[in-house]
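S.K.: Okay, sequence plus prediction incoming.
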Amino acid sequence: MSDSTATVATSGPPPVGPDDSAPEVSGLRRVFRGSVGRNLGLVLALIILIIVGVVTGGERFASVDNTLTILRLGSVIGVVSIGMTFVIIGGGIDLSVGANVALASVWATTLATQTMGKDIHWLVMVACAIIVATCVGLVNGLLIAYGKIAPFIATLAMLAAARGLAEIIADRKTQIITVQGFLDAFGADVFGVPVLVLIFAVVAIIGWILLNRTTFGRRTFAVGGNAEAARLAGIRVKRHTLWLYALLGSTCGVAAVMIMARTTTGSSTHGMLYELDAIAAVVIGGTLLTGGRGTIVGTVIGVLIFTMLNNIFTLNNLSISAQAIAKGVIIVVAVLLQQRIADRSRAVT
Amino acid sequence: MGTHPTEEGATGTPSAPPLLEMSGIVKLFPGVKALDGVDLDVVAGEVHCLLGQNGAGKSTLIKVLSGAHQPDEGTISWDGELVRLHTPTAAMRLGIATIYQELDLVNDLTVAQNISLGHEPATLGFDRRRDERDTAAALLLRLGHPEIATTAVVGNLPAAGKQIVSMARALSRDVKLMIMDEPSAVLDQGEVARLFHVIRDLTANGVAVIYISHRLEEIRAIGDRVTVLKDGRTVATGLPAKTTPTADVIRLMTGRTIEYVFPPRSGHAFTGEPLLEVTGISRAREFEDITFSVHPGEVVGLAGLVGSGRSEILETVYGARRFETGSVTIEGKALHAGSVPSAVSAGVGLCPEERKSQALLLDQTVVNNVTLPSLRRFAVGPFLRRHKEAQAATREIETLDVRPADPQRDARTLSGGNQQKVVLARWLLKGCRVLLLDEPTRGVDVGARSELYALIRELATSGVAVLLVSSEVPEVLGLSDRVLVVRDGRIVHDGPAQEIDESDVLGLVMEGSSR
């Protein structure tokens, strides 16, 4: 069959007919179908933001330190957004991610401060946070897939309940982490790059592989794109939906560990409004809220755009309120652009 | 313009100009002449029945009449004056109301709110709710259904109740012509009787009704005159509904000029162990005690009206619906009731009726669509070998000659026939041994049809058992080795396709008995 190299990604050019122009066309198409081509608009937006940052902030913006600050700040919400990308492509939504992060953080720190004391190994805390958050995701998934509750409602309920549970566990106090192993492990740099940023990178890469190179990812697109067609093709749609929410839960657990490391605390106020930031980043990244279409690369760029915007506003001493307005405008513009793209692809029929 | 000579004996006054007169209506769609010279005249106070096989042009005609489609040629006159129905609103203003099969009511509003929807009585923007309820109650009383509460939520009403509300809504706008598209499809016998009572009441008050149904006994009971369509043309109009012999009606409907090329049958009898065996399956209010079997290499066709239960039977065999009694076995192994994965892993594949909403991922590539149920085969652990996947899918679409033969194209961009081939390729790749086809040629153009027929026969010859559902009687007859006729959820005929002809099937489907 096709003797093209094994690295052919999106289109193995099939050896059909004597069509001379076929390799060229498919080569060009490959570029446009690739992550870069699909996210061209986003990359441009990012570049414009960088230019704005350099012009207004100068040295302070364009330094290595500031770049690392942006990445460090964006990494926590970034990890949640990767999980959110899966759920939204799969046709769902999760409003409970912020509350989930808070619950996981206080559960893990309570374990460290009260139950086991200082002798606790830091890995136990990490495991605790991830297990708690995954279980929250599983409950969401069960309610949505098998309880047939609308995702919006089920996770809205979880948003309230998980935050409340976090407050009870923490007794509304901020718990300071004194486990040195934990602080050492996550406070470190590797070749000058903060561990938090590395975690975000690893989660994004795993997310990309899972979405684009596995049966799980393919089924996610199918379930979100046309649940009935997926069901009639023999895919267990309910079970898949359950796993999607569990996956998002686990990324919330990772995010909880990261926020604990960054603030050296566990608190029931962690992760406030994360659901909005994560959904906004995913939507800006070009993922359709109706499901079936989206990219990890887009989400990563969406997170970077958001974080960089914050950074530029802060460097220029502009208020949080002005930031909020800018965020709102960006979300609207992104969705308007998305609709254009969706309409155009529909017009092809 | 000269009045059309219509036959006497109908109600209404033949001397007055007809309420509606359509002549020479032509409607073109890309590649298809949906209407090719339709004449129809309707007089006030009559029930005019429209008959014709699937694809004869009934639905298009209704859409022209309700302002949804614009005719390319021909004239429509209303009360003797030439009119143009640019929009549905224009038709509504004249007094034409259409009651569709899928009733267009808002389920969460009350009966009164639905009836006045779009022209709510209001003062300074505030609803006059008492007026609204009183008007609704008066209309329901006029329709002989005062028992329907005006404050009831429409979603809680049975199908018959919804239909009455829909009619009340039409009447609230001073309707002169009511078009009813297979109103009895969703009703049981008692409800049909009450509907007829309402229709008689309407016509006594001068309202004209265009009544579409495939059930001859209904047409005899309620109709005054009959118009028969075939191939987008009026082949007979003004036939007396009560007295025209069934044989004549069926003769007019059959023998369509568009003939498709059907591949030759296998020719030998199917003996030995059947591959698919369905024994006594039932589902409440859908079908009852269905028993049949399909042998390897055999094509079995299910003929029947929409609502007869034929599609439901197919979906139940596939596990998309759960059978309540009976059993479905593949090579003697029983399938789990209501489990699609169980059927798929046993080697059953379904090409569903609504290709776009039930089978395809329109925004994804042909490859992704073809390999959807077979992903396991291309996976090492969780990872997809996408190169292998693309190769396999390409092989299948080349076998089926999908055009363009580009496996990376989005499914949305393909024509109907090629989309259907993609769905077939999906099950070919899966290696399925029982293929369930629901309306395989719907939305497929004439040229591609014959190609699909040849493909289906080829698949059968290779040992696949094919179960086919189609609204088009010639298709069922031409393609199948054996024909089952379903009526009201029961199999009323099971025999070789050569021993039955189009009129027999139409007779069975429309009247429940062969001539």
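M.R.: Now that the structure is in, tell me what you want to look at.
S.K.: Show the model's pLDDT score for residue 152.
M.R.: Since no chain was named, I'll use chain A. Looking at residue A:152, its pLDDT stands at 96.
S.K.: actually it's chain B I care about, not the one you picked
M.R.: The score at residue B:152 is 92. That number is its pLDDT.
S.K.: swap in residue A:347?
M.R.: 52.
S.K.: Show the contacting residues for residue B:297.
M.R.: For residue B:297, the contact set (CB atoms under 8 Å, 6 or more residues apart in numbering or on different chains) comprises B:266, B:270, B:460, B:461, B:462, B:463, B:464, B:465. All C-beta spots, glycine's among them, are computed from the backbone N, C-alpha and C.
S.K.: what about the closest residue in space to the fifth one that isn't next to it in sequence, is that helix, strand or coil?
M.R.: Just to be clear, that refers to residue B:462. Counting by CB to CB, 6 or more residues apart in numbering or on different chains, residue B:462 lies nearest to residue B:297, which is 8.0 Å off, once chain neighbours are set aside. Look at residue B:297: counting by DSSP: H, G, I helix; E, B strand; the rest coil, its state is coil.
S.K.: and residue B:297, backbone torsions?
M.R.: Dihedral pair for residue B:297: phi 90, psi 0, per degrees, to the nearest 10.
S.K.: ok, it to chain A distance?
M.R.: According to CB to the nearest CB, to the nearest Å, residue B:297 stands 24 Å off from chain A.
S.K.: Which strands and helices lie in contact with the strand or helix carrying residue B:134?
M.R.: Using DSSP states H and E, residue B:134 sits within helix B:129-142. Counting contacts by 3 or more CB pairs under 8 Å, 6 or more residues apart in numbering or on different chains; DSSP states H and E, helix B:129-142 is packed against helix B:111-115, helix B:159-171.
S.K.: what's the pLDDT at residue 201?
M.R.: Using chain A here. At residue A:201, pLDDT is 96.
S.K.: not quite, I wanted chain B
M.R.: pLDDT for residue B:201: 89.
S.K.: What separation do you get for it and chain A?
M.R.: Counting by CB to the nearest CB, the separation of residue B:201 from chain A is 41 Å.
S.K.: Burial check on that residue, number of neighbours?
M.R.: 13 (other CB atoms under 10 Å in any protein chain shown).
S.K.: From residue B:505, how far out is it?
M.R.: According to CB to CB, to the nearest Å, residue B:201 and residue B:505 sit 35 Å apart.
S.K.: which of the helices and strands packed on helix B:129-142 sits most buried?
M.R.: Among those, the stretch with the highest mean neighbour count (mean count of other CB atoms under 10 Å in any protein chain shown) is helix B:111-115, at a mean of 26.
S.K.: can you tell me the average pLDDT over that one?
M.R.: 90.
S.K.: Tell me which helix or strand comes right after that helix.
M.R.: Following helix B:111-115 in sequence order, the next helix or strand is strand B:122-123 (DSSP H and E).
S.K.: ok, and what's touching the very next helix or strand once past that next one?
M.R.: Using DSSP H and E, the helix or strand that follows strand B:122-123 towards the C-terminus is strand B:126-127. Applying CB under 8 Å, 6+ apart, the contact partners of strand B:126-127 are B:120, B:121.
S.K.: what does stretch A:44-64 give?
M.R.: Residues outside stretch A:44-64 that contact it (CB under 8 Å, 6+ apart): A:66, A:192, A:301, A:304, A:305, A:308, A:309, A:311, A:312, A:315, A:316.
S.K.: which SS class is whatever residue of the stretch 101-250 of chain A ends up closest to chain B?
M.R.: Nearest residue of the stretch 101-250 of chain A to chain B (CB to the nearest CB) works out as residue A:234 at 3.4 Å. Secondary structure state of residue A:234, per three-state DSSP, is coil.
S.K.: Give me the pLDDT value at the closest residue to it other than its chain neighbours.
M.R.: Once flanking residues are discounted, residue A:234 sits nearest to residue B:344: 3.4 Å by CB to CB, 6+ apart. Looking at residue B:344, its pLDDT reads 94.
S.K.: Hey, what's the angle from the helix holding residue B:134 to helix B:159-171? Just curious.
M.R.: Note on geometry: by axes from the mean of the first three to the mean of the last three CA atoms, to 10 degrees, helix B:129-142 and helix B:159-171 are set 110 degrees apart in direction.
S.K.: And the contacts of helix B:129-142?
M.R.: Counting contacts by CB under 8 Å, 6+ apart, the residues outside helix B:129-142 that touch it are B:111-113, B:115-116, B:120-121, B:146, B:148, B:150-151, B:164, B:168, B:171-172, B:201.
S.K.: Mind doing that once more with 10 Å?
M.R.: Residues outside helix B:129-142 that contact it (CB atoms under 10 Å, 6 or more residues apart in numbering or on different chains): B:110-116, B:120-123, B:128, B:145-151, B:161, B:164-165, B:167-172, B:198, B:201-202, B:205.
S.K.: ok, residue A:284 - how many residues close by?
M.R.: 26.
S.K.: Determine which two of the contacts of stretch A:44-64 are furthest apart.
M.R.: The largest separation in these, counting by CB to CB, is between A:192 and A:316 at 26.6 Å.
S.K.: Counting neighbours, go ahead and name the busier of those two.
M.R.: Neighbour count, other CB under 10 Å: between residue A:192 and residue A:316, residue A:316 has more, with 14 against 7.
S.K.: List the single closest residue to that one in space, sequence neighbours excluded.
M.R.: residue A:56 (5.4 Å).
S.K.: quick check, distance from the strand or helix carrying residue A:88 to the centre of its chain.
M.R.: Element membership for residue A:88, per DSSP H and E: helix A:64-89. The chain centre lies 6 Å from the centre of helix A:64-89; the measure is CA atoms, centre = their mean, to the nearest Å.
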